[in-house]
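Q: Curious how this folds, go ahead:
(4 chains)
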There are 2 protein chains.
Amino acid sequence: MVEAAGPDDGLIVRIRPRADRAPRPGVVEGKRAAIARAATELFLSQGYQATSTEQVASTAGVSKQTVYNQFGDKERLLREIVLGVTATAEAFADGLAEGMRGVDTPVGLDAALRTLARRYLTTVMNPQVLALRRLVISEATRFPDLAVTYYERGPARVLAALGDLFAGLAERGLLRGADPTRAAPDFAFLLLGRALDEGMFRVGDPVLTPAGVDQTADHAVDVFLALYGARPG
Amino acid sequence: MVEAAGPDDGLIVRIRPRADRAPRPGVVEGKRAAIARAATELFLSQGYQATSTEQVASTAGVSKQTVYNQFGDKERLLREIVLGVTATAEAFADGLAEGMRGVDTPVGLDAALRTLARRYLTTVMNPQVLALRRLVISEATRFPDLAVTYYERGPARVLAALGDLFAGLAERGLLRGADPTRAAPDFAFLLLGRALDEGMFRVGDPVLTPAGVDQTADHAVDVFLALYGARPG
DNA sequence: GTCTATAGCAGGATAGAC
DNA sequence: GTCTATCCTGCTATAGAC
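A: Now for the predicted structure:
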């Protein structure tokens, strides 16, 4: 398992070694990882169709043929990269519950939710995460199964983890609300909706300032607790 | 001003006649409209880069050169089409306030909001509207100004109209809430957030059934009135 | 496995007749 | 303005030497 950090950090690319034949680690995996990293950078910044395999090869410092030897064709290169990056989403989803373990009072819940909201919003609005969303959406018509798989492993997985978290809090009496299945999407899109929507269309400029993140997160938590908090808001 | 309905109705393409030279209406505008309609259909279903100018020409029943005579190049064809379609968004934004004019009681507000929510959600989740969003997002890296202009004339314009509507209702005492500027995005993304997010990634299948539209709309209105209704929820 | 060189093809845009 | 025919560039993918 090789991890190659992107140019501005952020996303992590995980590319599995080829199962059929064991290659010399230092050489083959090095080139494979270099190609994956170059392709990730170029696909995210320029798009899939606008990036040529020759550009990938020269950025990675290998010949075009090596790209084809390692990945077969351009489509598989995209698939491995997109699905490799979803490891980040899994880690994020698993980490969501971390900060909520010791919570057992409404005041503690309030504070923990504000922290969670800031992390969630900051992660989703990360420029590389937004670029990955644009990339997958751009190719959703051509590769519909890839788009669905990305959605299920990424956004849907986080929503599900959030739902589990809220269900646990409801059992402990820290949340109320008739329909716990609605709580997670309500929270998520009160928090993310506007910024994410706008962020899809503004590619260069960040949509939210750090102060904007705080205000948006606090407002979402205020509203969420007014709706679902144990003490009526 | 020529209007050409799309294949499945829905979007309306408005292409202005060329200002520099007055063409014979029946001939020139007919071909121009045919090209615009063909390009709209192809761009929405296949994407911009995956559609060749020759494909546009043959679908429209003209030669490739006629496409270039009318629109200059492929990029301008995309721009005119995307911006032409925003006329639909303007009409929708202006129509939002229509159903709310006679509202003067909380009960009337409740009913009018449910109707509005259904229309809003149905419009945004229309397959052609989703395809247009995907198209603009796909080209946001290449044509950032087009993406921003689309956002401002489309989603942002509707949000602004909704904000004006809610401000008027607050003045008449039908809504409360400390921050009226938050009310519009809160309502919009409680209503649209999840479905729109998922809809970006599921190309073929509709995300919401008609019953799902009703449930989602009612839930959003319930939550919104609990937060911002004049009578505490 | 890796490289250089190239096949094979499609795309955007244009020239010239009418 | 419109059409047919064409140029030229750039792409994916492969062949063959090492």
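Q: Kindly provide the distance from residue A:105 to DNA strand D.
A: Distance of residue A:105 to DNA strand D, given as C-beta to the nearest atom of the strand, to the nearest Å: 56 Å. Quick note: C-beta positions are derived from backbone N, CA and C, even for glycine.
Q: residues contacting the closest residue to that residue other than its chain neighbours?
A: Leaving out its chain neighbours, the residue that sits closest to residue A:105 by C-beta to C-beta, 6 or more residues apart in numbering or on different chains is residue A:174, at 7.9 Å. Under the criterion of C-beta atoms under 8 Å, 6 or more residues apart in numbering or on different chains, the neighbours of residue A:174 are A:103, A:104, A:105, A:106, A:109, A:230.
Q: ok, now with 7 Å
A: Taking C-beta atoms under 7 Å, 6 or more residues apart in numbering or on different chains as the criterion, residue A:174 is in contact with A:103, A:106, A:109, A:230.
Q: And for the second one, the neighbour number?
A: By other C-beta atoms under 10 Å in any protein chain shown, the residues close to residue A:106 number 15.
Q: One more: the last one?
A: Burial of residue A:230, expressed as a neighbour count using other C-beta under 10 Å, amounts to 16.
Q: Surely residue A:48 touches residue A:141?
A: No: taking C-beta atoms under 7 Å as the definition, residue A:48 is not a contact partner of residue A:141, at 11.8 Å.
Q: Which one's more surrounded, those two?
A: Taking neighbours as other C-beta under 10 Å, residue A:48 and residue A:141 compare with residue A:48 leading, 23 against 19.
Q: Torsion angles phi and psi at the more buried one?
A: Taking degrees, to the nearest 10, you get phi -70, psi -50 for the backbone angles of residue A:48.
Q: returning to that earlier point: in helices only, show me the contacts of residue A:174.
A: Among the contacts of residue A:174, the members falling in helices (DSSP state H) are A:106, A:109.
Q: ok, and the closest non-adjacent residue to the residue sitting nearest the centre point of chain A?
A: What sits nearest the mean C-alpha location of chain A, by C-alpha atoms, centre = their mean, is residue A:89, with 4.4 Å. Excluding the flanking residues, the one nearest residue A:89 by C-beta to C-beta, 6+ apart is residue A:154, at 4.2 Å.
Q: Just give me the neighbour total for that neighbour.
A: 24.
Q: right, and it touches residue A:91 too?
A: No: assessed by C-beta under 7 Å, residue A:154 is found out of contact with residue A:91, at 11.5 Å.
Q: domains for chain A, by residue range?
A: If you go by automatic domain parsing, the domain ranges for chain A are A:2-72, A:79-228.
Q: Return the most buried member of these.
A: With neighbours taken as mean count of other C-beta atoms under 10 Å in any protein chain shown, the domains of chain A reach their highest mean count in domain A:79-228, at a mean of 18.
Q: that older thread, and the least confident of the contacts of residue A:174?
A: Least confident by pLDDT among these: that is residue A:230, with 88.
Q: still on that earlier bit, nearest to chain B among the contacts of residue A:174?
A: The closest of these to chain B turns out to be residue A:230 (C-beta to the nearest C-beta; 15.6 Å).
Q: from memory that closest one sits against residue A:106, does it?
A: Yes: using C-beta under 7 Å, residue A:230 is in contact with residue A:106, at 5.9 Å.
Q: Within range of DNA strand D, give me the residues from chain A.
A: Within reach of DNA strand D by C-beta under 7 Å from any atom of the strand, chain A has these residues: A:51, A:52, A:53, A:54, A:55, A:64, A:65, A:68, A:73, A:74, A:75.
Q: okay, those residues in CSV with distance to residue A:160 and secondary structure next?
A: Output for these, formatted as CSV (distance: C-beta to C-beta, whole Å; DSSP: H, G, I helix; E, B strand; the rest coil):
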residue, distance to residue A:160, secondary structure
A:51, 33, coil
A:52, 38, coil
A:53, 36, helix
A:54, 41, helix
A:55, 37, helix
A:64, 41, helix
A:65, 42, helix
A:68, 38, helix
A:73, 33, coil
A:74, 32, helix
A:75, 29, helix
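Q: tell me which of the residues you listed is nearest to chain B?
A: residue A:51 (10.9 Å).
Q: now the helices: where do they sit in chain A?
A: Along chain A, counting by DSSP H, helices occupy A:30-46, A:53-60, A:64-71, A:74-96, A:106-124, A:127-138, A:144-153, A:155-171, A:180-201, A:210-228.
Q: possible to save these as TSV with distance to residue B:136?
A: Output for the helices of chain A, formatted as TSV (distance: least, C-beta to C-beta, whole Å):
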stretch	distance to residue B:136
helix A:30-46	17
helix A:53-60	25
helix A:64-71	30
helix A:74-96	21
helix A:106-124	20
helix A:127-138	10
helix A:144-153	17
helix A:155-171	20
helix A:180-201	7
helix A:210-228	24
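Q: mind checking which of those helices is nearest residue B:180?
A: Shortest separation from residue B:180 across the helices of chain A is recorded for helix A:210-228, at 12.8 Å, computed as C-beta to C-beta.
Q: Which elements pack onto the closest one?
A: helix A:106-124, helix A:180-201, helix B:210-228 (3 or more C-beta pairs under 7 Å, 6 or more residues apart in numbering or on different chains; DSSP states H and E).
Q: Take those helices and lay them out in a markdown table including distance to DNA strand C.
A: Shown next, in a markdown table, are those (distance: least, C-beta to the nearest atom of the strand, whole Å):
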| stretch | distance to DNA strand C |
| --- | --- |
| helix A:106-124 | 34 |
| helix A:180-201 | 23 |
| helix B:210-228 | 37 |
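Q: Residue A:212 is nearest to which of those?
A: Using C-beta to C-beta, the helices and strands packed on helix A:210-228 put helix A:180-201 closest to residue A:212, at 7.9 Å.
Q: how far is the closest one from where the chain is centred?
A: How far helix A:180-201 lies from its chain's middle: 14 Å, per C-alpha atoms, centre = their mean, to the nearest Å.
Q: quick one: low-confidence ranges for chain A?
A: A:1-29, A:231-233 (pLDDT under 70).
Q: Report the two of the contacts of residue A:174 separated the most.
A: Longest span within those, C-beta to C-beta: A:103 and A:230, 11.9 Å.
Q: Thank you, goodbye.
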